[in-house]
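> build me a model from this:
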Amino acid sequence: MMRVLWLARNLPFPLVTGDKIYTAKMAEALAAAGAQITFAGYPSAAPAEPVSGIAWHPVPGGPKNNWRAALDPRPLVAARHLTKRYRKHVGGLAASAWDAVVIDQYGMGWVLDQRRRFQTNPSFVFLTHDHEESVTALQAKDPGASSIKRAYLWQNHLKTRWFERWIARRCDLLTTITEADAALFRQTAPDRPSIVLTPGYSGRKLSERTVSAETARAVVLFGSYRWSAKLANLTSFLEQAAPALARSRIELRIVGDIADDVREALAARYPSVNFTGFVADPGPYLDARLAILAEPIGGGFKLKLLDYVFNRLPVAALDVCAAGLPPEISQHMMLFGDTATLLRRVVAEIDDVQSLDRRQRLAFTAAESAFDWADRGRSFLDALEATVRSRGFPSPAALETAGA
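Got it, this is the predicted structure:
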């Protein structure tokens, strides 16, 4: 049995953001495929959920504050999660027998400095969520940021570019969420093997829904807005969308986790917009004519697209947000190169309920069997086993069997 040490920033609970969902479900799928996983990270905001094949291992303490981390030569997210207590814990875990060590997101890349401490010489795997070099470059160009903030974002981008490339070149296997990300990593780490592991889907699927004239004349954005890039996307979108949709008497719903003070400030600035904050069951708020995804900052696969499709919402999105989505699904969405064009088409199409209903039905049918987490888990396990074999080291499990 493949023995895997999974090192993450935090235990991935509750499952309210795309990165936590991807991490938790990918680990669960790998365990279901036959791996035995010890998953380490700082304690989560919610209790860890029991999963067969996974031992959750909370690391005492928590990340550094931003000011202390800003002085580190590593990018902010890595500097925050590199603490003496986490490093000590890695040292303790390194004494056990592992076939593979998963470095979950570039914020955990500092673990590679500890590689020599691992006694069984395991394979190291870089599980990426984005091509962060590209994401931070876009963040640094945010026109809504002050000159001081842009300077800070630019230096963090330079740190990220160096650090992400450093990690990729020193791991034995790379995983990416999209083929586009894989192509970018091949440019800077051409000799590293990689595998594309697009997300699966395990959320709510509506067996039936009809978009009709009785459906609320509303559009919805669903997500989490705690991360600075997500919030920058939202505020940029609202500047254009709030007045345009209000003029056309189209309700705009912003559903998802957002800091209370930010939500209150945005609600005061855009009184025509309905901000709900975090909701345990977003279902009632998704009963709208259209879902919108307009996030120019931040690459990767957008998990919320699957929420929209499987909740039978027609989708209008920026084309960059559909990266990694199979064309047989994306062809039934309305995709545009910029937000202004997207909004014009939303206003033009909002009352063509027959067309909207046809889009959601065709997208649902095309996606229905395409996002199975079990497939991803088996593919990941196969790639891990091939990587271990290619390095020529016997696995700890094989050594124990031989010594029995």
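> CA atoms for contacts and neighbours, from now on please.
Fine.
> ok now the strand or helix carrying residue 148, how far from the chain's centre?
Per DSSP states H and E: residue 148 is located in helix 147-170. Relative to its chain's centre, helix 147-170 lies at 19 Å (C-alpha atoms, centre = their mean, to the nearest Å).
> what pairs with whichever helix or strand comes after it, parallel or antiparallel?
Tracing the chain C-terminally past helix 147-170 and defining elements by DSSP H and E, one meets strand 173-176 next. Strand 173-176 pairs in its sheet with strand 123-127 (parallel), strand 194-196 (parallel), by DSSP bridges.
> could I get strand 173-176 in CSV with only the CA atoms?
Extracted in CSV, the C-alpha atoms of strand 173-176 (Å, rounded to 0.1, in the frame of the first residue of the first chain):
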residue,chain,number,x,y,z
LEU,A,173,6.2,15.0,-9.9
LEU,A,174,4.0,18.0,-10.6
THR,A,175,0.2,18.0,-10.6
THR,A,176,-1.8,20.7,-12.2
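> who does the host helix or strand of residue 187 touch, helix- and strand-wise?
If you go by DSSP H and E, residue 187 is part of helix 179-188. Where contact means 3 or more C-alpha pairs under 8 Å, 6 or more residues apart in numbering; DSSP states H and E, helix 179-188 is packed against helix 147-170, strand 194-196.
> residues in contact with residue 319?
For residue 319, the contact set (C-alpha atoms under 8 Å, 6 or more residues apart in numbering) comprises 335-337.
> distance of it relative to residue 173?
29 Å (C-alpha to C-alpha, to the nearest Å).
> residue 59 too?
Taken as C-alpha to C-alpha, the span from residue 59 to residue 173 is 25 Å.
> same thing with residue 133?
Using C-alpha to C-alpha, we find residue 133 at a distance of 18 Å from residue 173.
> can you check residue 97 too?
Residue 97 is 19 Å from residue 173, where distance means C-alpha to C-alpha.
> how about residue 151?
Where residue 173 is concerned, residue 151 sits at a distance of 33 Å (C-alpha to C-alpha).
> the more surrounded of the two?
For residue 151 and residue 173, the more surrounded residue by other C-alpha atoms under 10 Å is residue 173, and the numbers stand at 23 against 14.
> surely that one and residue 124 touch.
Yes - contact criterion C-alpha atoms under 8 Å: residue 173 and residue 124 qualify, at 6.7 Å.
> which residues do those two both contact?
Listed contacts common to residue 173 and residue 124 are nil; contacts here mean C-alpha under 8 Å, 6+ apart.
> put together JSON lines for the strands paired with strand 173-176, with distance to residue 242 on each row.
Compiled in JSON lines, the strands paired with strand 173-176 are given as follows (distance: least, C-alpha to C-alpha, whole Å):
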{"stretch": "strand 123-127", "distance to residue 242": "37"}
{"stretch": "strand 194-196", "distance to residue 242": "37"}
